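A.B. asks: give me a model of this one.
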Amino acid sequence: MSSTMLPDLRTIPGTPARAPEPPRAKGFRPDIEGLRAVAVLAVLAFHASVPGLAGGFVGVDVFFVISGYLITSLLVREAITTGRIRLGEFFSRRARRLLPSAALVLGAVALVGAWLTVPLRRTDLEYDVLAAALSVGNWRFVAQQTDYLAAGREHSPLLHFWSLAVEEQFYLCWAPLLALIVLFAARAARRGRAVRSTVTVLAGLLTAGSFGLSLYWTHGSVSLAYLGTPSRVWQFGIGALLALLPWHRLPGPRPLRLLCGWAGLLAIAWCVLGYDATTPYPGFAALVPTLATAAVILAGTPDRSGGTPVPGARYGVDRLLSARAPRAVGRLSYNLYLWHWPVLVLVEARYGALGWPVKVALTAAAALPAAAALHWIEQPLRRSRILSELPRRGLSLGLAAVVVPVVLALVVGTGTLRLLGPAAPVDTLGLPPGAADGTSLLARTGAPLKGGPTVPDPVQARKDFPPDGECEVAPTATTSPACLFGVTDSPDRIVLLGDSHAGQWFSPLLAIAAERRWALEELVKQGCPLPELTVINPQLGRTYRECDSWRAAALTRLQQEPKPRLIVVSSLNRYTADQQLLLAGWEKMLTPLRALGVPIVYVQDTPVPGTDIPACVSGHTGDPAACAFGREQAQWPDPLAQAIAAGRLPGVRSVEVNSVLCPGADRSCPAVLERILLYRDDAHLTNVAAVVLTPRLERLLTEAGALPRRGTDGWTEVLRDEFDGPAGSRPSAANWLYDLGTCYPGCPAPQWGTGEVETMTDSTANVRLDGRGALEIVPTLENGRWSSGRIESRRSDLTPPPGGVMRIEASIALPDVTGPAAAGYWPAFWTLGAGLRDGWTGWPAIGELDVMEQVNGRDSVFGTMHCGTLTGGPCQEPKGLGSGDVPCADCRTSFHTYAVEVDLTAGAEQVRWYLDGREHHRVTAAQLGAETWDRAVHHGLFLILNVAVGGNLPTALGGTVTPATEPGHPMRVRYVAVSTKGATHS
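C.D. replies: The predicted model follows:
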């Protein structure tokens, strides 16, 4: 949600003060000219973010009522006096007054915007110019504002043209409709009464219907209600009814008009001061400024004689509005409205967010081009005798005013598209492989992306969504369709559950499922928090009830369907800043999910840039680092991840990729990493970035115990410890024993038989859980004496089934120390034969499998098998059959998976060593001989984890313990697992 959340529609500009006015010779209302000033000043103050005037958006309602009143007055007066409505003349007047000034602004924005905006925003801007010039801007913005996937884009400099489009669409429909009525009423005996009565009935019906539609859309889609023409017609209708009904004949004291006018003006002021972004709008709330405007207009309506409506009119609101200053602002209002918003938006696009005093100054500065346009364009063209003589001249001028900005937009837009390059989808099959571990996004063994543009490019990024069709359901949906992907007839499936931040993991999870011949089920809803929270949906403009219904329906579906193999959950974690409330919402949702008895993995929320990343990168192709964003603002605290790490939600594991997306400890996070453009908007990953992260996510899920290793269906897990628990606690006593002191029971060999200098303890200073899902074994130094930790599995019967395979693995991050400070460090993960627990004699014949060893902080690890006799023999003791150094540059800083497989399959009979799934060493039965092989592997094993200090092996490799050796660097173990698989037949 995407932040991805859209701004509230109250940030959309109001309507221009550009309603037509009848000739001053008859029907001119100076008070209405002043009322335009009230409306435009309210809108300007709102756009300038003046404190306390957050309801200034109601100026739009004032303008619409004025337009309905004046247009209807003009048309009905013409119909009654002449018996017809000359549409050509009507539209010619509208074109002369309105279109040239608008064309000037559109042309200026098309050209200046090309200079001030980045290329990707420039293309959006030119499309906006086209829509505004063709008077359909409101529908373009409806489409954008109701499209959740278009979230995160900044305001258009032409967003305010939505209201111009609404008015122009009203003119295009209302005037011909009245002309048609007049045509049928031309022969009526009392033409004036017939026209007025018919139009009144029609206006009443349209007003009622439109108001009902406005209420309905306000409930269902606030964007459509706010920007759509049908839902605004009722406000024009109120103005029309003012012009049609004989208000001057209403009974009652005339001074009521005076009170009516002041009450209307105060009600408008109350709305400006009292309404804000939380006001459901338009809906019923729009009645107040609409009827208040009607009251002000009514108060100034002349009586039958055309005189002032109230004796002592100097006290009336019309007297105030007819003063010189309000009328001057009213005359300027149309052009001031046209210019101020582009000035604000384009300056912010160039210099960043502005404070309200600066916005006020810029708005005031916009009066200069507005005044110039009024005096040198609008008034001369409107009063031109040459243009007014023939309607076709005014219409031709209007047509030219439309064509010129359209041509400019096409020229600039086409050049920008050529600059940006093609928008063809990215071929994900051609992407370099992602790294499964480490700090790099891309695998170093893969073909690197050569120097050049980002992948995807900014144009592609905007459309780089997960290929899940309609399965990421829209805000109005309350259930998800049957969305199964991959091997859909498989009895095994992964469920992806959450909002759009879960949906961005669709492609990786589909690949992971497909590799295992599983299905993927997607239950994802836009902008809907998976934790049980009550939120406002910006597209609907109200409480997101559909989210609550969808969440309940998704849970019911999971309870009724066959159990999945895995549920992956994710969600934007900033629906609320209240961490306790967020965690409580998660716990409410996870409680019934955990009751399903299915592994649940929470993918922590990815960074939220909060700015349109593709647009920024399009303007910094040579230096995408300029688009980096603040780490603190992008990564909020995650109370769920903290609760999982503390062991408070058994059965739920947490994984994260943020350490790669936002690496290091810098104060900023990159927008582009290793030439991969990471974000498609202000909040969501590109599908390319998600695809590249697939190997890493697969490893994380596997290490979390949520997935079997790829291609390992048929394995049975016989032992697993994920080291969940509070920080500082001991590992599970049900799984582990401590080795204590400096030798085995009975001390058959001092210093553990290998010359180590440490004393092993059961202190949590040496062996403890870190509270984040890992075991720490820490060497310490106190008073010149080294201590460390060594634990063994209680089980010593770990063995392959007859003719089968046993896999022993662990995810380990080695002590993060190197150089002289690491001299003598000897971390290891290994096994011994069960028989050694009886007197601790019989080594090495009983067998030892060193799954992983490292010494002296080197950038390499190795695996070894010990067997046979104390010296020499098939295992070349005491050296053993080793793999030699296996390079691993980041094994100290990242978790890697170390494994050994004991394969007793007939014809195989071998032991294999793996690092991150890649085999690096093998010992076969044929190398040892039948008797030695049998004694080494055909029995139970137990596991050992330890960090030794000093000893024969570190010394042999140049790492004697010295005063420079630093204590306190732990070996961290994320999990240990043992799995078996029955005999295979090939």
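A.B. asks: and the helix or strand hosting Arg551, what does it pack onto?
C.D. replies: Element membership for Arg551 (DSSP states H and E) is helix 545-560. Counting contacts by 3 or more Cβ pairs under 8 Å, 6 or more residues apart in numbering; DSSP states H and E, helix 545-560 packs against strand 493-498, strand 519-525, helix 579-594. In short, each C-beta sits where N, CA and C put it, glycine included.
A.B. asks: at 7 Å what do you get?
C.D. replies: Under the contact criterion of 3 or more Cβ pairs under 7 Å, 6 or more residues apart in numbering; DSSP states H and E, helix 545-560 touches strand 519-525.
A.B. asks: tell me the mean pLDDT for the helix or strand just after the strand it packs on?
C.D. replies: Of the helices and strands lying after strand 519-525 in sequence (DSSP H and E), the nearest is strand 536-537. Averaged across strand 536-537, the pLDDT comes to 85.
A.B. asks: relative to the whole chain's centre, how far out is the helix holding Arg551?
C.D. replies: Distance of helix 545-560 from its chain centroid, counting by Cα atoms, centre = their mean, to the nearest Å, is 22 Å.
A.B. asks: just want the angle from that helix to strand 519-525.
C.D. replies: 160 degrees (axes from the mean of the first three to the mean of the last three Cα atoms, to 10 degrees).
A.B. asks: can you name every helix or strand that the helix or strand bottoming out on mean pLDDT in the chain contacts?
C.D. replies: Least confident helix or strand, the chain: helix 385-389 with a mean of 80, by mean pLDDT, DSSP states H and E. Here helix 385-389 touches helix 391-420, going by 3+ Cβ pairs under 7 Å, 6+ apart.
A.B. asks: avg pLDDT for the helix it packs on?
C.D. replies: pLDDT averaged over helix 391-420 gives 83.
A.B. asks: what does the helix or strand following that helix contact?
C.D. replies: The C-terminal neighbour of helix 391-420 among helices and strands, as given by DSSP H and E, is helix 458-462. Outside helix 458-462, the residues within contact range by Cβ atoms under 7 Å, 6 or more residues apart in numbering are 120, 420-421, 423, 425-426, 614-615, 617-618, 677, 680, 686.
A.B. asks: returning to what we had before: what's the angle from the helix holding Arg551 to strand 493-498?
C.D. replies: Using the same axes, to 10 degrees, helix 545-560 lies at 160 degrees relative to strand 493-498.
A.B. asks: give me the angle between helix 545-560 and helix 579-594.
C.D. replies: 30 degrees.
A.B. asks: which SSE is immediately downstream of helix 545-560?
C.D. replies: Moving toward the C-terminus from helix 545-560, the first helix or strand encountered (DSSP H and E) is strand 566-570.
A.B. asks: kindly format the C-alpha coordinates of that next one as CSV.
C.D. replies: C-alpha atoms of strand 566-570 as CSV (Å, rounded to 0.1, in the frame of the first residue of the first chain):
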residue,chain,number,x,y,z
LEU,A,566,3.5,-23.2,3.8
ILE,A,567,1.8,-19.8,4.4
VAL,A,568,3.9,-16.7,3.5
VAL,A,569,2.6,-13.5,5.0
SER,A,570,3.7,-9.9,4.4
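A.B. asks: may I have the strands that pair with that strand, each with its orientation?
C.D. replies: The sheet places strand 566-570 alongside strand 493-498 (parallel), strand 600-603 (parallel), with pairing taken from DSSP bridges.
A.B. asks: right, and Leu265 touches Asp318 too?
C.D. replies: No. Leu265 lies out of contact with Asp318 (Cβ atoms under 7 Å); the separation is 10.0 Å.
A.B. asks: more crowded one of these two?
C.D. replies: Asp318 (25 against 20; other Cβ atoms under 10 Å).
A.B. asks: how far away is Ala733 from Ile791?
C.D. replies: Distance, Ala733 to Ile791, using Cβ to Cβ, to the nearest Å: 10 Å.
A.B. asks: deepest-packed of the strands paired with strand 566-570, please.
C.D. replies: strand 493-498 (a mean of 26; mean count of other Cβ atoms under 10 Å).
A.B. asks: need the residues that contact that one.
C.D. replies: Taking Cβ under 7 Å, 6+ apart as the rule, strand 493-498 contacts 502, 505-506, 509, 513, 518-524, 530, 554, 558, 564-571.
A.B. asks: need the buried ones from those residues selected in ChimeraX.
C.D. replies: Of the contacts of strand 493-498, the buried ones go into a single ChimeraX selection, burial set by 16 or more other Cβ atoms under 10 Å:
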select :502,505,506,509,513,518,519,520,521,522,523,524,530,554,558,564,565,566,567,568,569,570,571
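A.B. asks: now Ala400, nearest residue through space, not along the chain?
C.D. replies: Spatial nearest neighbour of Ala400, chain neighbours left out: Ala103 (7.8 Å); criterion: Cβ to Cβ, 6 or more residues apart in numbering.
A.B. asks: same question for the helix or strand where the one you found lies, mean pLDDT?
C.D. replies: Element membership of Ala103 [criterion: DSSP H and E] is helix 87-116. For helix 87-116, mean pLDDT is 89.
A.B. asks: before we move on, what about stretch 705-724?
C.D. replies: Averaging pLDDT along stretch 705-724 yields 76.
A.B. asks: now the end-to-end length of it.
C.D. replies: End-to-end distance of stretch 705-724 (Cα to Cα, to the nearest Å): 12 Å.
A.B. asks: got the buried residues for it?
C.D. replies: 705-709, 715, 718-719, 721-724.
A.B. asks: the lengthiest strand in the chain pairs with which strands, parallel or anti?
C.D. replies: Identified as the longest strand of the chain according to DSSP state E is strand 971-981. With DSSP bridges as the test, strand 971-981 is paired with strand 716-721 (antiparallel), strand 775-777 (antiparallel), strand 805-813 (antiparallel).
A.B. asks: let's have these in CSV, adding distance to Ser223.
C.D. replies: Formatted as CSV, those follow (distance: least, Cβ to Cβ, whole Å):
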stretch, distance to Ser223
strand 716-721, 50
strand 775-777, 52
strand 805-813, 47
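A.B. asks: closest one to Leu75 among those?
C.D. replies: Using Cβ to Cβ as the measure, strand 805-813 is the one of the strands paired with strand 971-981 that comes nearest Leu75, at 78.1 Å.
A.B. asks: what's the closest one in contact with?
C.D. replies: Under Cβ under 7 Å, 6+ apart, the answer for strand 805-813 is 703, 715, 798-800, 829, 831, 851-852, 894-903, 905, 943, 971-981.
A.B. asks: distance from the chain centre to stretch 734-752, please.
C.D. replies: Per Cα atoms, centre = their mean, the centroid offset for stretch 734-752 relative to its chain is 53 Å.
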